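Colleague: next comes the sequence, and after it the predicted model I'd like to discuss.
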Amino acid sequence: MAVATAAALLAALGGALWLATRRFVGSRVQRLHGGGNPGLMHGKTVLITGANSGLGRATAAELLRLGARVIMGCRDRARAEEAASQLRRELREAGGPEPSPDVGGAGELVVKELDLASLRSVRAFCQELLQEEPRLDVLINNAGVFQCPYMKTEDGFEMQFGVNHLGHFLLTSLLLGLLKSSAPSRIVVVSSKLYKYGEINFEDLNSEQSYNKSFCYSRSKLANILFTRELARRLEGTNVTVNVLHPGIVRTNLGRHIHIPLLVKPLFNLVSWAFFKTPLEGAQTSIYLASSPEVEGVSGRYFGDCKEEELLPKAMDESVARKLWDISEVMVGILK
Ligand SMILES: NC(=O)C1=CN([C@@H]2O[C@H](COP(=O)(O)OP(=O)(O)OC[C@H]3O[C@@H](n4cnc5c(N)ncnc54)[C@H](OP(=O)(O)O)[C@@H]3O)[C@@H](O)[C@H]2O)C=CC1
Ligand SMILES: CC1=C(/C=C/C(C)=C/C=C/C(C)=C/C=O)C(C)(C)CCC1
């Protein structure tokens, strides 16, 4: 009995130690990309959608630390201003670059309103940005909504397809001119491994015949990959690259629509704390694709953990990618 108790205690202690070590080592491994080169992003302007939370916030923090001027495109100004104040404070405390107009706005953080569930908002955002910004070096299409109940965007699109794909499609299209005139420039698209369970069902892109929230999330993430590959093809020879990534499973606010019974929540929190990536760990591939010299000139590829990965054939289907592009142009009103 005593031996069994001692063994159980030892196992629990070992487990706790392992988890704590994993957290500790993880937080040190996080800063590898560009960590040795704090000026890597000096003079570069980066736009990140959904930069007030989770992966977007962590990506903004790290690119700021590397000297970029970061524009946060966020739907809620109050939430975004609060995140921006925290990021500025963290940067100061870490001894990062002081905001400096002389070095292309190094370490400067700008908040702009952008609701990807409204084409009007996307257009207004781009109009303002194009008036104010002389250059855009990196666009990171990061914002996303995950498995929400059936909802429509302002323009009547199914919410996940509307925000994750169509809003970013219009945003990117309207900013392409500026990205081209700032070349070499980069576009980074945040997708998910869950694309594997999606299909582009052209006959019901608005999910009016049936709605399955998991399918629609996966469909929107498959659309992110097809969009990236078609855009890379169209951008050949322009010195503007576009790559897509999956971040792994990351502890963020993305799961806000998942209902977890109150009693199970503490256990779930513990499990996610132990096994999910932190936002900074999850953001590494976004940061890598946005800043690393290793991927200069690389375009149309899919990455995870800062390494290229293979795609399923359905994500490489050129005819589906072209058809999705053409339909997206009509849906967002670029072509009538
Ligand atoms: N976490 C994970 O495990 C994984 C995440 N991803 C992808 O990573 C990306 C970032 O998600 P993550 O950081 O995890 O989640 P968060 O929920 O923490 O962040 C999502 C961001 O998107 C913003 N957003 C949502 N809807 C809109 C909208 N209509 N207009 C503008 N911004 C909007 C949110 O704004 P607000 O705060 O105002 O709601 C928030 O800033 C997503 O594309 C997601 O699909 C992919 C695979 C796994
Ligand atoms: C961490 C966490 C939650 C869950 C988040 C999950 C499960 C997110 C999964 C996202 C995935 C897998 C996206 C893939 O593209 C809850 C429920 C909000 C409760 C509080 C802590």
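Modeller: Nice, I can see it. Ligands and ions are numbered 1, 2, ... in the order given.
Colleague: give me the secondary structure label for the residue of the stretch 101-250 of the chain found nearest ligand 1.
Modeller: Closest residue of the stretch 101-250 of the chain to ligand 1, CB to the nearest ligand atom: G144 (2.5 Å). Heads up, the C-betas are built off the backbone N, CA and C, glycines and all. Three-state assignment for G144 (DSSP: H, G, I helix; E, B strand; the rest coil): coil.
Colleague: what does G297 give?
Modeller: coil.
Colleague: tell me the contacts of it?
Modeller: The contact partners of G297, taken as CB atoms under 8 Å, 6 or more residues apart in numbering, are 184, 241.
Colleague: residues near the residue of the stretch 101-250 of the chain closest to ligand 1, how many?
Modeller: When neighbours are counted by other CB atoms under 10 Å, G144 registers 25.
Colleague: what of F157?
Modeller: 22.
Colleague: does ligand 2 sit close to the helix or strand where G56 lies?
Modeller: Using DSSP states H and E, G56 sits within helix 54-65. No. Figure legend: helix 54-65 not in contact with ligand 2 (CB under 6 Å from any ligand atom); closest approach 9.7 Å.
Colleague: what does the stretch 1-150 of the chain put close to ligand 1?
Modeller: Residues of the stretch 1-150 of the chain lying near ligand 1 by CB under 6 Å from any ligand atom: 49-50, 52-56, 74-76, 79, 114-117, 142-146.
Colleague: can we see that at 5 Å?
Modeller: When proximity is defined by CB under 5 Å from any ligand atom, the stretch 1-150 of the chain lies next to ligand 1 at 50, 52-55, 75-76, 115-117, 143-145.
Colleague: what's the neighbour count on R89?
Modeller: For R89, the neighbour count with other CB under 10 Å is 10.
Colleague: how close does it sit to ligand 2?
Modeller: R89 sits 24 Å away from ligand 2, going by CB to the nearest ligand atom, to the nearest Å.
Colleague: how about V122?
Modeller: 22 Å.
Colleague: quickly find the element holding that residue.
Modeller: Assigned by DSSP H and E, V122 falls in helix 119-132.
Colleague: next: L263.
Modeller: Residue-wise, L263 maps onto no helix or strand under DSSP H and E.
Colleague: need phi/psi at it.
Modeller: Phi and psi for L263, reported as degrees, to the nearest 10, are phi -70, psi -30.
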